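Student: this one's sequence-less:
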């Protein structure tokens, strides 16, 4: 690197000296060669010296921009003034300033020549031998594309890609030029792709479902790969990534400030059930930056807990425990030992068709397991004289709205258990407090502040349709879709968890919150777009089969977050008004346990059916 800098400095010194000498000879009739040569050497050394001090030679002229040119102009003007004063003070020759100015011109010429060298030497249109085998159309003619073109002429990307066209949907840009490329109309994408046998489409503008649907509709019969080039703020190798399924959701990505959450979680002991699942593990990740006092991750999944332990290895404040929420004694031991301030209850069975076949397990986990957790929290608060408040967040589901399947029914009952048992705990504390007042003891009032948060399907979670589609694509198909009109609401796992955390800012005690899931997504369209994202053509390279609606499924889901709800201060979080129902929790649980004990009626010796259990549970909903 130092040799390159020294070479630049030497070349500039020689050129400035040459120009100075030539113009001294040309304009000065009475030339004194030794004196004029000395003057020229002094000028050349001084000018090059100033540029060295100001770091001009260390600029990367591959990426010179307006800022560099403007800096160069200011430096030239300042140096010119200095040497103008210097010339009159010492040499006072008539054409000295002119010779110095032309010296500056020669110096700048070397700098501009260096930039021109970089442009033309690595320009894929002027150097055919560096054109890559992968033909690419760039969609978007903005700043990101300008930097991308620079990056494609450097480093490891040289010779890998052939940019055949830059297109844009902005009429004001069409017909103008970006570097050596003429910007063409985005409506021509199909003809350009077919003509140039394009293999990849790069999107350099913000990706949304409208743009992607338009591109997919035009290129649905062509096998191409789709990639996104995110906006960058420095000159590093571009992060060219594949289009993700998240880019196709019918709404913009939700981004909320994390600062308000710091007060809630900083220094707190937090317990997460179902921590090895998609939601539970993401809650753990998003809590890490808040410097929590203790993070207790609980799950019955041995492999999942092992993976969490590896992921959070080195975290002194994190502990991973294997436990089943159906084991009341184990859960009680954990709560007594860890004394959590906040509990995220994410442990549940959530797969609708699977729970239709395994309904007893759904009842045991989603209802009785939740009851065990609540009872353990209740007993801890009542029995411990100096117990602190516990806030419990029950992760619920959109299936709990007007439930028809067993998963929705069990999750709806779990919501009611959370609401009613937290209220019961408050009354129990009042009774104990009155009793203690007679004995001149007034313990601190501790409460269980509980809420449930409902949201719909999360992308890439366990049991989600998206990982299934990806796996079917990898295996060559076919993709299995239940019905051509099947629709679902989708949200990414990080978005859902972030809104759950923000729900603590918006909730009052004993409430049910619902998250805004955006617009419904047609499952068939999603399957087709996933095939296209894989560079394949639907129904040609990979087929799609319709297998029929599965047990417990609805064709379309309700707009659950606005049903009987009011907005909170957060535009993405709604509060339910009419979904809180009074239940005698212990009585309901006793009836469910008795029904399980009597699961083989004496009349015919057959077990109680799924239908029977649905009708039985609906009386509590």
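Tutor: Perfect, I can see it now. Quick caveat: nothing in here was measured; it's all calculated off a predicted structure.

Student: Give me the domain ranges for this structure.
Tutor: In the domain annotation for the chain, the residue ranges read 2-121, 128-243, 259-456+493-516+559-583 (automatic domain parsing).

Student: Comparing those by mean pLDDT, which bottoms out?
Tutor: For the domains of the chain, mean pLDDT drops lowest on domain 2-121, to a mean of 63.

Student: Identify the residues contacting stretch 527-542?
Tutor: Around stretch 527-542, the neighbours that count as contacts under C-beta atoms under 8 Å, 6 or more residues apart in numbering are 212, 216, 219-226, 242-243, 245, 248, 466, 469-470, 473, 476-479, 481, 544. From N, CA and C alone the C-beta is placed, and that goes for glycine too.

Student: mind listing what's buried in that stretch?
Tutor: Residues of stretch 527-542 classed as buried by neighbour count (16 or more other C-beta atoms under 10 Å): 527-534, 536-538, 542.

Student: Just these: which are in helices?
Tutor: With helices defined by DSSP state H, the entries of the buried residues of stretch 527-542 inside them are 527-533.

Student: Do a quick rundown of the strands in the stretch 351-500 of the chain.
Tutor: Taking DSSP state E, counting those that start in this stretch to define them, one finds strands in the stretch 351-500 of the chain at 390-395, 448-454, 457-459, 479-481, 487-488, 490-492.

Student: which secondary structure elements does the fifth one contact?
Tutor: Spelled out, it's strand 487-488. Packed against strand 487-488 by the contact rule (3 or more C-beta pairs under 8 Å, 6 or more residues apart in numbering; DSSP states H and E) you find strand 521-522.

Student: Next, count neighbours for residue 504.
Tutor: Here the count is done by other C-beta atoms under 10 Å, and residue 504 has 18 residues near it.

Student: Count the residues that sit near the residue lying closest to it once chain neighbours are set aside.
Tutor: Computed as C-beta to C-beta, 6 or more residues apart in numbering, the closest residue to residue 504 that is not its neighbour in sequence is residue 264, at 5.5 Å. A count of nearby residues for residue 264, using other C-beta under 10 Å, gives 15.

Student: Can I take it that residue 264 is in a helix?
Tutor: Yes - under DSSP: H, G, I helix; E, B strand; the rest coil, residue 264 falls within a helix.

Student: how near is it to residue 270?
Tutor: When distance is defined by C-beta to C-beta, to the nearest Å, residue 264 is 10 Å away from residue 270.

Student: check contacts around residue 289.
Tutor: If a contact means C-beta under 8 Å, 6+ apart, then residue 289 has residue 258 as its contacts.

Student: Let the chain start at 24 from now.
Tutor: I'll keep to 24 as the first residue from here, and by that count the last item is residue 312.

Student: Please report how far it lies from residue 332.
Tutor: To residue 332, residue 312 is 20 Å away according to C-beta to C-beta.

Student: same check, this time on residue 356
Tutor: 19 Å.

Student: hey, where'd the helices end up in the stretch 524-644 of the chain?
Tutor: With DSSP state H, counting those that start in this stretch applied, the stretch 524-644 of the chain shows helices at 546-556, 608-620, 633-641, listed in chain order.

Student: Highest mean neighbour count out of those helices?
Tutor: Each of the helices of the stretch 524-644 of the chain was given a mean neighbour count from mean count of other C-beta atoms under 10 Å, and the largest, a mean of 22, is that of helix 546-556.

Student: And the buried residues of stretch 550-565, which is closest to residue 65?
Tutor: Proximity of these to residue 65 (C-beta to C-beta) peaks at residue 556, which lies at 65.3 Å.

Student: Just the pLDDT for the closest one.
Tutor: For residue 556, the model assigns a pLDDT of 78.

Student: for residue 483, same thing?
Tutor: What the model reports as pLDDT for residue 483 is 67.

Student: hang on, the earlier thing: as JSON lines, the helices of the stretch 524-644 of the chain with distance to residue 590 would be great.
Tutor: What follows is those, written out as JSON lines (distance: least, C-beta to C-beta, whole Å):
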{"stretch": "helix 546-556", "distance to residue 590": "29"}
{"stretch": "helix 608-620", "distance to residue 590": "30"}
{"stretch": "helix 633-641", "distance to residue 590": "30"}
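
Student: any idea which of these scores lowest on pLDDT?
Tutor: Set side by side, these show their lowest mean pLDDT on helix 546-556, which sits at a mean of 86.

Student: Distance from the chain centre to that one, please.
Tutor: Distance of helix 546-556 from its chain centroid, counting by C-alpha atoms, centre = their mean, to the nearest Å, is 21 Å.

Student: same question, stretch 398-418
Tutor: For stretch 398-418, the separation from the chain centroid amounts to 34 Å (computed by C-alpha atoms, centre = their mean).

Student: Pull out the buried residues from it.
Tutor: Residues of stretch 398-418 classed as buried under the neighbour-count rule (16+ other C-beta under 10 Å) are 398-405, 410, 413-418.

Student: Not counting its neighbours along the chain, what's nearest residue 524?
Tutor: The shortest distance from residue 524 to any residue that is not its chain neighbour, by C-beta to C-beta, 6+ apart, is 5.5 Å, and that residue is residue 284.

Student: In which helix or strand does the one you found reside?
Tutor: Secondary structure assigned from DSSP states H and E places residue 284 in helix 282-288.

Student: Name the surrounding residues that touch that helix.
Tutor: The contact list for helix 282-288 (C-beta under 8 Å, 6+ apart) reads 310, 313, 315, 365, 524-525, 527-528.
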